[in-house]
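Novice: build the 3D model from these lines:
(2 chains)
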Number of protein chains: 2
Amino acid sequence: MGGSVEDGEPMSSSNFLDPAKMEEFGAAESAERDPESHSSMQQPLLKRHRTLSSVPLAMVGAKVSYIESLDYEINENDLFKQDWRSRSSAQVLQYIFLKWALAFLVGLLTGIIASLINLAVENLAGYKLLFISGFIEQKRYLMGFIYLTTANFVFTFIAAVLCVCFAPTAAGPGIPEIKAYLNGVDTPDMYGAMPLIVKIFGSIGAVSAGLDLGKEGPLVHIGSCIASLLGQGGPENYRLKWRWLRYFNNDRDRRDLITCGASSGVCAAFRAPVGGVLFALEEVATWWRSALLWRSFFSTAVVVVVLRAFMEYCGSGKCGLFGRGGLIMFDVSDVTVTYRAADVIPVVLIGVLGGVLGSLYNHLLHKVLVVYNLINQKGKLHKLLLSLAVSLFTSGCLFGLPFLAKCSPCDPSILEACPTNGRTGNFKQFNCPAGYYNDLASLLFSTNDDAVRNIFSTNTTTEFHPLSLTIFFGLYLILGLITFGIAVPSGLFLPIILMGAAYGRMLGMAMGSYTNIDQGLYAVLGSASLMAGSMRMTVSLCVIFLELTNNLLLLPITMLVLLIAKTVGDCFNPSIYEIILHLKGLPFLEGHPEPWMRNITVGELADVKPPVVSLRGVEKVGRIVEVLKNTTHNGFPVIDDGVVPPVGLSDASMELHGIILRAHLLQVLQKKWFLSEPRRTEEWEVREKFTWIDLSERQLNIKDVAVTKDEMEMYVDLHPLTNTTPYTVIESLSVAKALVLFREVGLRHMLIVPKYQSSGADPVIGILTRQDLRAQNILNVFPDLAKPKRREKKN
Amino acid sequence: MGGSVEDGEPMSSSNFLDPAKMEEFGAAESAERDPESHSSMQQPLLKRHRTLSSVPLAMVGAKVSYIESLDYEINENDLFKQDWRSRSSAQVLQYIFLKWALAFLVGLLTGIIASLINLAVENLAGYKLLFISGFIEQKRYLMGFIYLTTANFVFTFIAAVLCVCFAPTAAGPGIPEIKAYLNGVDTPDMYGAMPLIVKIFGSIGAVSAGLDLGKEGPLVHIGSCIASLLGQGGPENYRLKWRWLRYFNNDRDRRDLITCGASSGVCAAFRAPVGGVLFALEEVATWWRSALLWRSFFSTAVVVVVLRAFMEYCGSGKCGLFGRGGLIMFDVSDVTVTYRAADVIPVVLIGVLGGVLGSLYNHLLHKVLVVYNLINQKGKLHKLLLSLAVSLFTSGCLFGLPFLAKCSPCDPSILEACPTNGRTGNFKQFNCPAGYYNDLASLLFSTNDDAVRNIFSTNTTTEFHPLSLTIFFGLYLILGLITFGIAVPSGLFLPIILMGAAYGRMLGMAMGSYTNIDQGLYAVLGSASLMAGSMRMTVSLCVIFLELTNNLLLLPITMLVLLIAKTVGDCFNPSIYEIILHLKGLPFLEGHPEPWMRNITVGELADVKPPVVSLRGVEKVGRIVEVLKNTTHNGFPVIDDGVVPPVGLSDASMELHGIILRAHLLQVLQKKWFLSEPRRTEEWEVREKFTWIDLSERQLNIKDVAVTKDEMEMYVDLHPLTNTTPYTVIESLSVAKALVLFREVGLRHMLIVPKYQSSGADPVIGILTRQDLRAQNILNVFPDLAKPKRREKKN
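Specialist: Purely as a prediction, here's the structure:
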């Protein structure tokens, strides 16, 4: 009989994973992996229409990988129970202490690494700009241009080579993959030492190269990598064999740690401890417990302390050009925020604009990513060339466009130095004569963080010309679209903040004297609205902005802007993260079922799947090998027949014992735990051979396991390794309810049991996995379900 | 056969619900309700030890009520499906729009009512104090004392009479009941119009009476009442019959609305919109969705806007004595927060102290509440007398104790008026000569909100004497303990804030010149630590304090204090809300299963329960009436026998059709939807008689339904009213996993299906409810489970 098809993604034209290209990427095994090719193994009992098929491939970073589901469900087999029972209370305390110690370390290391990245970026980009300023002062523009372009080219080259050759999974922000991981999808090579190192140095290179990307997304990935590495005791081949750490070598604890890591990353990016926790809660994490809230809060608190200490240390000029920590701080504390009822109109306008522009940006980015994917799929060289082309274009624009702006005279009433020629400063002289400044150069000829600070600057009503802002907005719209998809570590936050600030400030100018809200505030609100319009978060963004601006009086208008922008954006398309998840083919499971899912039962889904492949409690080795070779399923029901019925019943014949994982079967084969005759084993026998820790090994493949012909005729007692407490659903349950169960409890396999009682029947009539419950996959088989008036149900 | 025992609380000596007193409260039906008394109806198939018994009574407010579980699971019967299918997309849009409109109204009304309460309290308490100040100025202390005592007595009397006679459920803060409601426990008479009105006026009375309680908890309850009333379209007997509202007349939508209401209440209490949402998330709500986060955020945004508008309107003196809105605002914005590494020592000290004192407070309050309960159970008069006695004691202390304090000379370098004799002011003259002030009177002879403001005041190092603060701390510790349990609306936040501020400030004084943290800041940190030590929240408290102090630089030390205080407190006892929930006998279901729950299966639980009472798909009226009369169960499995087996099977005989609720059976009986012969009905037949809305009616009782003898012989087709998609678990599932499923999905009944297949067997072998999964109830039957080394399991 058949079984559970695990993990994949249906084909669609707008997909990163082009079906025609599939052979290229590890789909050589597809013939063997296709559930259809072995459906003749046993004839199905029930009639079958089309089958629910799926391809377990997805784009992780910039690499197509074979993905799997994670085991968040506790595998309650005999070994687990025995392991749990053998833990003394001292060990339990150890475990709790270690959990907190790891949360502390995650915060500490994330904070330190974030500080070092800031230090490196500020110094690299700073000295680069200083050096080129020298040429500009001497009016040697061409030399300046050549040096700038070369420097940016080299930085981009380093970042791209690292990403392309050493860790393709480190490209992009990493947040969609983390979101999928916390939803239960294992993305290989995502949290190792190599992606961490590449992400750190790649991010330094890419940001120093002046590309239109931020270090915020990568920091979230860095935090998650640190968390995962700490939980595992180190990188793949150099693991600490420390006894204490063994309790963390499972998917559940790693999930919790990665949640802490993601919170720490956001906190390190924005210096927003509460915002970091809320971001992880609202956007990234699927499951959440109160204890986890508290632990990730602890991690972010540590991050903040580290950042603060570092900034204090560097405050006295010991860190080269490292100034204000490279952290975006919208310093609006010197603005007296007063607003009247009339100010609600521009605020609403910003919100609506943010929603419209945000969804438009999502739409365009989607298209660009599809095109980029075609280019990137052509090979490593194409990826590299694409990145370098973007770098050249960026350098050209950043250097060339300021020449379009007119020089403005310095306003002597402003205390700040004007014009400046150094690295920072709001009034860059650039090509202007003394006493004049180039407003566009203030935005373009500086690091992105400085640009944000300049455009947010308050009490500088006349600083920027509308034309300069228009050029800036147009440029960053284009750069934001073409930069995100290249093979370097790139965050989405910063491009969106810059774009939003530009149109916010433009709107503020257009409003003129109508309101007395400062233009810097308009810029902040513009950023908030575009972020809400594109990312569709509310509470966490609100708190991040609150922590950044440090001004509670802004809260009501920020909330208003965010709510409007999100509402407007939701009318057009899903959030940018959802779009990327879909593009990457990551099978993310939404929490909210579609309404039509109430009209189909899990039994109907089971009918269109290959029949279940189940194993006997005491099974022949040959059959196990055959099943493992011929299917791709990761879980098999274990069924006992001929069992003694309970008192009062006469003919009980089949009994569900539980479900066994492929990984555990492979362990049995590899350790050759075979019996010469079919019998039940004693507890000590299995304990001698396996420990609970052995079972968390996932790397084995059936091809690596050699079984002799004699051994094929031997037996295995699967009972002690079987998870005896699988979650089951009755066949008449609606898919909507099954989805809620699957997602809320964090399942990998869901067994379907019959609603009738019959001695001849199999106690399991199907297995559902993540893929089977995805709306798109169901609609492929039952296309008329989503139609408003579907055919009346059978009964 | 038996069935599901619903909702109650096991007996324990430390329980509000004294078994000896049980007869007094509606337990006249106990003989009929006791599941044991009808166990002879049919002999159980399996052997039975002790049974899992529970009493469905709990303390709601100050009233013992019969509680029920809520139906958060969607009841997917034919009527629901048809109702859903008949909704056009316009109706769906209507529904969404209405959801947001209701969230808006919840925020608006909560904001307005909170403002009016503040207005009333400030004026009532203000004029009271002004009037008495007159006597003190004339040195007519006895007259002042008599007037103060009389005024407080009258205010307390009004509040207590309202609570005792009209709405006993309005006593206390209401937060534990809301927490239980959102966990799935229906607490009757909790969210009606009467509790709302009593809570509003009772809260005004109690706060004006100078009792040591706040309006924060009651505001949360008020917000929830408003939300519930809006969702239902008005109070019980005067409901709007508006067609649009009918979609909200179900437990799920009401749950969401009440979550918004609770968030709005917290927001109105502290003017903390983000803190309000997080409080609801961290402390109150059990289930949470991203969409709900967003909607409650919208509600709190509306509240903030209303509060702000109101304060602006009143700012120009139009509202009598209403000054700063009666909202606690720790105005520390004029303090330059600088702290060094050495400051970490006092901060840690405050945290540890907060944890120790908080858990001690929890412990003492527990004892006091048990004693109070004995008094309150004696009847209405006793409740009233207790409240009045506390009022007299409070008045005596508030007026008498300031005479113990020495008069201090006014510091001429401070700009504030000194001494003052009016209502507000930090330096009250009281009994002192001109040019001197009484520091204890500044704290005691003012409203609680003013006291908080005074004790938090910054840059006033020498204002308070240690002796005065010691007296204040001791007094408020005693008042906090004796006031909370009396029958008036009372919040816990304010007493804890006052106590915490006192010892925080004392610690600041003791530290002297060791740190340069302001004493006002010490007071704030002391409050935060005591709240964390008693209520055990972290993130939401942190945000509330952040929003109150409006100073982001405080964040790291606040976080440190909160984390330490919570950790220390958790070592001693559970949070105050958990203690109260337990005392009240509300069956709150924790999210985290106990470790020993992995060692027991749901099948073992089913064995110690009365057997399942199930109904046939087409059942005789007589049997339904008999079952409803003889059991207290609220759900019955519906089983079809003799069904045609699926292809390939020969002898399928019993099939689970679903589960039907008692409320729906009662509807059938009342509407007399009987058939003369046993047959399946057509869809139009049921549609003629019932609508989906009818089924949400819950008020019917079997005693109110008259069925004639002839009708007893007729039949009912239960199929169309049966929820065909119940969640089921297999008997071998561990209780730990069943608990996770039950809580995460929000169930009321969980059907246990057998793991074997046998044609003679019942497809349902048990039903579990909330009570059966509570750790305490299970341990009552299996006391050896929790022991570290339990007997080896059978197999």
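Novice: for chain A, where's the lowest mean pLDDT among helices and strands?
Specialist: Across the helices and strands of chain A, mean pLDDT, DSSP states H and E gives its lowest value to helix A:30-33, namely a mean of 35.
Novice: which residues of chain A score low on pLDDT?
Specialist: Chain A contains residues with pLDDT under 70 at A:1-55, A:84-86, A:239-244, A:323-341, A:422-424, A:550-552, A:642-652, A:693, A:696-698, A:787-795.
Novice: name the residues that touch the helix or strand hosting A:Leu381?
Specialist: Taking DSSP states H and E as the definition, A:Leu381 sits inside helix A:380-400. Residues from elsewhere that reach helix A:380-400 (Cβ atoms under 8 Å, 6 or more residues apart in numbering or on different chains): A:62, A:144-145, A:148-149, A:152-153, A:155-157, A:159-161, A:163-165, A:209-212, A:372, A:375-376, A:444-445, A:475, A:479, A:482-483, A:486-488. Bear in mind the C-beta positions are built from the backbone N, C-alpha and C, glycine included.
Novice: buried residues, stretch A:356-368. List them.
Specialist: Buried residues in stretch A:356-368, counting neighbours by 16 or more other Cβ atoms under 10 Å in any protein chain shown, are found at A:Val356, A:Leu357, A:Gly358, A:Ser359, A:Leu360, A:Tyr361, A:Asn362, A:Leu365, A:His366, A:Val368.
Novice: would you tell me which helix is longest in chain A?
Specialist: helix A:89-137 (DSSP state H).
Novice: that older thread, CSV please, covering the buried residues of stretch A:356-368 and showing distance to A:Gly315 and secondary structure.
Specialist: As requested, the buried residues of stretch A:356-368 are arranged in CSV below (distance: Cβ to Cβ, whole Å; DSSP: H, G, I helix; E, B strand; the rest coil):
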residue, distance to A:Gly315, secondary structure
A:Val356, 42, helix
A:Leu357, 38, helix
A:Gly358, 37, helix
A:Ser359, 42, helix
A:Leu360, 42, helix
A:Tyr361, 37, helix
A:Asn362, 40, helix
A:Leu365, 38, helix
A:His366, 43, helix
A:Val368, 41, helix
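Novice: now these as TSV including distance to A:Asp784?
Specialist: Below are the buried residues of stretch A:356-368 laid out as TSV (distance: Cβ to Cβ, whole Å):
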residue	distance to A:Asp784
A:Val356	34
A:Leu357	37
A:Gly358	34
A:Ser359	29
A:Leu360	33
A:Tyr361	35
A:Asn362	30
A:Leu365	33
A:His366	28
A:Val368	34
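Novice: just those residues now: which is nearest chain B?
Specialist: A:Gly358 (15.6 Å; Cβ to the nearest Cβ).
Novice: for that closest one, which non-adjacent residue is spatially closest?
Specialist: A:Gly533 (2.0 Å; Cβ to Cβ, 6 or more residues apart in numbering or on different chains).
Novice: number of nearby residues for A:Gly317?
Specialist: 9 (other Cβ atoms under 10 Å in any protein chain shown).
Novice: show me what stretch A:102-117 is in contact with.
Specialist: A:200, A:203-204, A:215, A:219, A:222-223, A:226-227, A:230-231, A:248, A:257, A:260-261, A:264-265, A:267-269, A:295-296, A:298-307, A:310, A:325.
Novice: may I see the buried residues of that stretch?
Specialist: In stretch A:102-117, counting by 16+ other Cβ under 10 Å, buried: A:102-115, A:117.
Novice: with stretch A:583-594 instead?
Specialist: For stretch A:583-594, burial by neighbour count (16+ other Cβ under 10 Å) applies to A:Leu583, A:Lys584, A:Gly585, A:Leu586, A:Pro587, A:Phe588, A:Leu589, A:Pro593, A:Glu594.
Novice: for that stretch, the distance to its chain's centre please.
Specialist: In this view, stretch A:583-594 has its centroid 13 Å away from the chain centroid, taken as Cα atoms, centre = their mean, to the nearest Å.
Novice: same question, stretch A:356-365
Specialist: That offset, for stretch A:356-365, works out to 20 Å (Cα atoms, centre = their mean).
Novice: which SS class is the residue nearest to A:Gly358?
Specialist: For A:Gly533, the assignment made with DSSP: H, G, I helix; E, B strand; the rest coil gives helix.
Novice: cool, A:Ile639 as well?
Specialist: Using three-state DSSP, the structure places A:Ile639 in strand.
Novice: for it, give me its contacts.
Specialist: A:Ile639 touches A:Ser614, A:Leu615, A:Arg616, A:Gly617, A:Met654, A:Glu655, A:Leu656, A:His657, A:Asp762, A:Pro763, A:Val764, counting by Cβ under 8 Å, 6+ apart.
Novice: make sure A:Asp212 is indeed in a strand.
Specialist: No: the assignment for A:Asp212, made by three-state DSSP, is coil rather than a strand.
Novice: grab the nearest non-local neighbour of the residue of the stretch 51-200 of chain A found nearest chain B.
Specialist: Of the residues in the stretch 51-200 of chain A, the one nearest chain B is A:Glu76, at a distance of 5.8 Å by Cβ to the nearest Cβ. Excluding its sequence neighbours, the residue lying closest to A:Glu76 (Cβ to Cβ, 6+ apart) is A:Thr725, at 4.5 Å.
Novice: again with A:Gly500
Specialist: A:Leu530 (3.2 Å).
Novice: following element in sequence after the helix or strand containing that neighbour, please.
Specialist: Assessed by DSSP H and E, A:Leu530 sits inside helix A:519-535. Counting by DSSP H and E, the next helix or strand C-terminal to helix A:519-535 is helix A:539-549.
Novice: C-alpha coordinates for that following helix, PDB please?
Specialist: Taking Å, rounded to 0.1, in the frame of the first residue of the first chain, the C-alpha atoms of helix A:539-549 are listed here in PDB:
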ATOM      1  CA  VAL A 539       2.200  46.300  16.300                       C
ATOM      2  CA  SER A 540       5.800  45.300  15.900                       C
ATOM      3  CA  LEU A 541       6.500  48.100  13.400                       C
ATOM      4  CA  CYS A 542       4.800  50.500  15.700                       C
ATOM      5  CA  VAL A 543       6.900  49.500  18.600                       C
ATOM      6  CA  ILE A 544      10.100  49.600  16.500                       C
ATOM      7  CA  PHE A 545       9.300  53.100  15.400                       C
ATOM      8  CA  LEU A 546       8.400  54.000  19.000                       C
ATOM      9  CA  GLU A 547      11.800  52.800  20.200                       C
ATOM     10  CA  LEU A 548      13.600  54.400  17.300                       C
ATOM     11  CA  THR A 549      12.000  57.800  17.700                       C
END
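Novice: are any of the contacts of stretch A:102-117 buried, and if so which?
Specialist: A:200, A:203-204, A:215, A:219, A:222-223, A:226-227, A:230-231, A:248, A:257, A:260-261, A:264-265, A:267-269, A:295-296, A:298-307, A:310, A:325.
Novice: ok, A:Pro273 - contacts?
Specialist: Residues near A:Pro273 by Cβ under 8 Å, 6+ apart: A:Cys267, A:Phe297, A:Thr300, A:Ala301, A:Val303, A:Val304, A:Glu547, B:Leu555, B:Pro556, B:Met559.
Novice: ok, now how distant is the first one from chain B?
Specialist: Which is A:Cys267. With distances taken as Cβ to the nearest Cβ, to the nearest Å, A:Cys267 is found 11 Å from chain B.
Novice: ok, that residue touching A:Thr300?
Specialist: Yes: applying Cβ atoms under 8 Å, one finds A:Cys267 in contact with A:Thr300, separated by 3.9 Å.
Novice: hang on, the earlier thing: buried ones among the contacts of helix A:380-400?
Specialist: In the contacts of helix A:380-400, the ones that pass as buried (16+ other Cβ under 10 Å) are A:62, A:144-145, A:148-149, A:152, A:155-157, A:159-161, A:163-164, A:209-212, A:372, A:376, A:444-445, A:475, A:479, A:482-483, A:486-488.
Novice: among the residues you listed, which are in helices?
Specialist: Those of these lying in helices (DSSP H): A:144-145, A:148-149, A:152, A:155-157, A:159-161, A:372, A:376, A:444, A:475, A:479, A:482-483.
Novice: A:Asn183 is in contact with A:Thr286, correct?
Specialist: Yes: using Cβ under 8 Å, A:Thr286 is in contact with A:Asn183, at 4.4 Å.
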